[in-house]
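*Asks:* here is my input; please provide its structure:
(chains A and B)
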Amino acid sequence: MNKPVQIKAQEPPVSLYAKREPVFNRRIDGKFRRIKWAIMALCLAVYWITPWLRWDRGPYAPDQAVLIDLAHRRFYMFGIEIWPHEFYFVAGLLIMAGIGLFLVTSAVGRAWCGYACPQTVWTDLFQHVDRLFDGDRNARFRLYKAPWTASKIARRLAKWSVYLAISFATGGAWIFYFADAPTLHQEFWSGTAAPVAYGTVLVLTLTTFVLGGFMREQVCIYMCPWPRIQTAMLDEKSLIVTYKDWRGEKRGSLKKAQKNPEEYGDCIDCNQCVAVCPTGIDIREGAQIGCITCALCIDACDRVMAETGRPRGLIDYATLEDAENEKAGNAPTRHMKLIWRPRTILYFCVWAAIGLGLLFTLGTRVHTGLTVAKDRNPPYILMSDGSVRNAYTLRLRNMQGRPRDMEIAIEGLPGAVMWTEDMAREAAARSLVRKVAADATQGVRVYVVAPAGSTDQSFDFSVQAVGEPGEADSSQAKFDTPGGE
Amino acid sequence: MADKRLDEATNTETVGHEWDGIEELNTPLPRWWLWTFYATIVFAIGYVIAYPALPGISQASEGMLGWSSRGQLDAEMSSAAATRAKAVAGLADLPIEQLPQHPQLMRAAVAGGAAAFKVNCVQCHGAGAAGSKGYPNLNDDDWLWGGDLKTIETTLIHGIRQPGDDATRISLMPNFGSDGLLDAGQINDVAGYVLSLSGKEKKSAATQRGAQIFADNCAVCHGDNAKGNRELGAPNLTDAIWLDGGSKAEVAAQIHHPHHGVMPAWGERLDPVTIKMLAAYVHSLGGGEEFAAPVAAEAPAADAAQETD
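*Replies:* Got it, this is the predicted structure:
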């Protein structure tokens, strides 16, 4: 038996859990802040207004401009109506979004994160609410540290109520994309809406409240896969928010720098770039995952540079390559030139090709469809006169917003005639016309009889909207006979 | 068992077991885990009180809530029946001949009939209603007793050769062979003649003899031209369809000692609405006769089966 190995007592492990440092970002004004305001207003307006836009589609379809009608499996987008089998349009849009991600990221870095991401938009909104109730950075920090007095509790409750109101408006708006907005609005407040509507509002209200009101930058840093994907796609030619350390270092206060201008760089270590950052990072430590490239630090730094009489752009949108270029004393490259380079052009061409393909498909699609399912049990029926009958279930698709007459015909299968279960057999013919309701698929069982002596063969069913050349479809079917395979 | 002692590395008590120098630490279960465990015990006690759980000799305890799987099944069945009743409301009072004039009701009846067929009829007629030797194919256009809605309904209610039903459809072909009415040669001749009627056998001296035998023995039921007689359920012998097989041996066997199929009288077992639905389904299989086109009052487009996918 081996002697047991004596294991030495170890130091208690250091906790792997880092406590969150709350972010109290300072209000800042500037070029990029104004762009951020504009994009936020646009995003919120689009989100809240879209379901209320009307679009006249005639008497057989809803008049909501953008509607995801899950119950009837239709997706309406202004003049476009998508059926489930046309879901490739959505797949195409998703592929475009993917290529678009490559395009935008390679051109202007993580612009999506900084300006258009819902998490960014709502976090920004909530941070403005913070300022409204608790004041700017220092006041908020003091209040955060202060004991829980009645005044603090009242302020917090008031602020959280506003959080909740925004969250409710956010979660509430979502359901209007899935049903007629004015009707649902009325039903919602009278308590007669579907339970799923209330459930959705509840869940989205709570997630908005928690993610936007409390988790904020933690969502960007720990939960979201996007920054990890995006940072992997950046290269030295991507525009990102860059601190030009060759110009800023060595940091020193204004006084020190004035005393000793040769030794110190342009950064006066005022920490304004950190103070305004919505994710609480220090951009001077270089590119990092917490940076959502919202450029508020650029606004802050430019302001300080202006006050101290130094050129702007100590922190600026720059490519890593161009930062090196500037460091070597060359003039900075124009941004447009940085954006239009082979890689972005290639991405744009692929992206545009898919988009044009989708548009072409959309423009040339046929609004008539036919699918055929053959009865397999029994595969054929021998009739008393020796002829052979097969049965098929045809599904006629009318993808237009009005009822249409459709002519079904047999192509091939010599001598065969057909009739349907709701017509007299004596009226059997090579083709027959059925009325198909607006925006609907209609099943029709068809009996096809071929003369005695017919052999197994394939033939086609065709469907043609009466009076509409081009609005046609066909589908192959098999005809079974006794003694066949 | 060794004495309890503390492990030097972790300051945790050991359980005292040792295997080749490896000792097990006595790490207690997390508190939340224990409480979850206790909660499941409490839940189990409540469950046993509320629901049938404790086995007895003939049945389990009933439970405070009175729930039972049978009761749940009954509730689901009656709710399904209520749903069905809504779809086929009016079917009970409607004479079946008038069903085609109500397309919507007809569709509901055909759908309900298809379901009832799967339960009651597939054993003999097959899942696709194609039958087999001795069991009629319900898809084709050949009917022994008639193929309009009313006749199919009557057949369903009273069955075929159902003992004890006065209105059942009965026909019995004599046992020409086994009762000695015809000898083997005559049976062979008449079988050949019958097959020649549908072109399955060439005309010959034997079929000539068979024609005379047919006229003497068979024409009384099957008709002079062998086209059959629906009053008697006598099959048409000139068509391509053979219930008991179309080979010469099979036809001869049928003459020698006929097979007489029996169909139960479903009127005793199924309610009239279900029978109407079954009749509508069988009629819809493609061979239904005397189809009356729907009247214009119910425009086909207005109530056409609208599906949304």
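*Asks:* low pLDDT regions in chain B?
*Replies:* Chain B contains residues with pLDDT under 70 at B:1-4, B:292-309.
*Asks:* can you show me the strands along it?
*Replies:* Shown for chain B, the strands assigned by DSSP state E span residues B:14-19, B:22-25.
*Asks:* hmm, the first one in reach of chain A?
*Replies:* No - with CB under 8 Å from any CB of the partner chain as the criterion, chain A is not reached by strand B:14-19; the gap is at least 8.7 Å. Where you see a C-beta, it was placed from the backbone N, CA and C, and this is true even at glycine.
*Asks:* could you list every helix and strand in contact with that strand?
*Replies:* Helices and strands touching strand B:14-19, by 3 or more CB pairs under 8 Å, 6 or more residues apart in numbering or on different chains; DSSP states H and E, are strand B:22-25.
*Asks:* ok, and what's touching the strand it packs on?
*Replies:* Contacts of strand B:22-25 with the rest of the structure, by CB atoms under 8 Å, 6 or more residues apart in numbering or on different chains, involve A:4, B:7, B:10, B:12, B:13, B:14, B:15, B:17.
*Asks:* give the buried subset of these as a PyMOL selection command.
*Replies:* With 16 or more other CB atoms under 10 Å in any protein chain shown as the criterion, this PyMOL line picks the buried residues out of these:
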select buried, chain B and resi 14
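*Asks:* buried ones in stretch A:374-384?
*Replies:* For stretch A:374-384, a neighbour-count test (16+ other CB under 10 Å) marks A:375, A:378, A:379, A:380, A:381, A:382, A:383, A:384 as buried.
*Asks:* contacts only, for the third one.
*Replies:* Applying CB under 8 Å, 6+ apart, we find residue A:379 in contact with A:390, A:480.
*Asks:* one more time with 10 Å
*Replies:* Listed by CB atoms under 10 Å, 6 or more residues apart in numbering or on different chains, the contact set of residue A:379 reads A:390, A:391, A:456, A:478, A:479, A:480, A:481, A:482, A:484, A:485, B:128, B:130.
*Asks:* the first one and residue A:383 touch, don't they?
*Replies:* No - with the criterion set as CB atoms under 10 Å, residue A:390 and residue A:383 do not qualify as a contacting pair; they are 11.0 Å apart.
*Asks:* what ranges does the stretch 151-300 of chain A have for its helices?
*Replies:* Shown for the stretch 151-300 of chain A, the helices assigned by DSSP state H, counting those that start in this stretch span residues A:181-190, A:195-210, A:217-218, A:226-233, A:245-248, A:254-259, A:272-275, A:296-307.
*Asks:* could you do chain B as well?
*Replies:* Counting by DSSP state H, chain B has helices at residues B:31-50, B:69-87, B:103-120, B:122-125, B:149-158, B:184-197, B:205-217, B:219-222, B:248-256, B:272-284, B:300-303.
*Asks:* out of those helices, deepest packed?
*Replies:* Stretch with highest mean neighbour count among the helices of chain B: helix B:272-284 (a mean of 24; mean count of other CB atoms under 10 Å in any protein chain shown).
*Asks:* which strands or helices does that one pack on?
*Replies:* Secondary-structure packing of helix B:272-284 (3 or more CB pairs under 10 Å, 6 or more residues apart in numbering or on different chains; DSSP states H and E): helix B:69-87, helix B:103-120, helix B:149-158.
*Asks:* out of those helices, which gets nearest to chain A?
*Replies:* Nearest to chain A, of all those, is helix B:103-120, at 6.5 Å by CB to the nearest CB.
*Asks:* could you tell me how many residues sit around the spatially closest residue to residue B:146 that is not a sequence neighbour?
*Replies:* Once flanking residues are discounted, residue B:146 sits nearest to residue B:230: 5.1 Å by CB to CB, 6 or more residues apart in numbering or on different chains. The tally of other residues near residue B:230 (other CB atoms under 10 Å in any protein chain shown) stands at 16.
*Asks:* if we can go back for a sec, between the helices of chain B, which one is nearest to residue A:474?
*Replies:* For the helices of chain B, distance to residue A:474 was read as CB to CB. The smallest value, 23.7 Å, belongs to helix B:300-303.
*Asks:* list the residues that contact both of residue A:390 and residue A:383?
*Replies:* Counting by CB under 10 Å, 6+ apart, the shared contacts of residue A:390 and residue A:383 are A:449, A:450, B:286.
*Asks:* nearest to residue A:61, out of the helices and strands packed on helix B:272-284?
*Replies:* Closest among the helices and strands packed on helix B:272-284, using CB to CB: helix B:103-120, at 23.5 Å.
*Asks:* now find how far off-centre the closest one is within its chain.
*Replies:* Distance, stretch centre to chain centre, for helix B:103-120: 12 Å (CA atoms, centre = their mean, to the nearest Å).
*Asks:* what angle do that helix and helix B:69-87 make?
*Replies:* Here the directions of helix B:103-120 and helix B:69-87 differ by 150 degrees (axes from the mean of the first three to the mean of the last three CA atoms, to 10 degrees).
*Asks:* burial check on the residue nearest to residue B:197 when sequence neighbours are not counted, number of neighbours?
*Replies:* Spatially, and ignoring its direct neighbours in sequence, residue B:197 is nearest to residue B:238 (4.5 Å; CB to CB, 6+ apart). Per other CB under 10 Å, the neighbour tally for residue B:238 reads 18.
*Asks:* touching, residue B:238 and residue B:194? I think so.
*Replies:* Yes - using CB under 10 Å as the test, residue B:238 is close enough to residue B:194 to be in contact (8.6 Å).
*Asks:* overlap in contacts, those two.
*Replies:* Joint contacts of residue B:238 and residue B:194 (CB under 10 Å, 6+ apart) are B:222, B:226.
*Asks:* which element is residue A:444 on?
*Replies:* Using DSSP states H and E, residue A:444 sits in strand A:440-450.
*Asks:* residue A:442 touches residue A:397, doesn't it?
*Replies:* Yes - using CB under 10 Å, residue A:442 is in contact with residue A:397, at 8.1 Å.
*Asks:* between those two, who's got more neighbours?
*Replies:* Per other CB under 10 Å, whichever of residue A:442 and residue A:397 has more neighbours is residue A:397, with 23 against 19.
*Asks:* wait, a helix at the more buried one?
*Replies:* No - Residue A:397 is assigned strand when assessed by DSSP: H, G, I helix; E, B strand; the rest coil, not a helix.
*Asks:* which residues does it bridge with?
*Replies:* Beta-bridge pairing of residue A:397 under DSSP bridges involves residue A:369, residue A:441.
*Asks:* contact partners for it?
*Replies:* The contact partners of residue A:397, by CB under 10 Å, 6+ apart, come to A:83, A:85, A:366-371, A:406, A:436, A:439-442, A:463, A:473, B:307, B:309.
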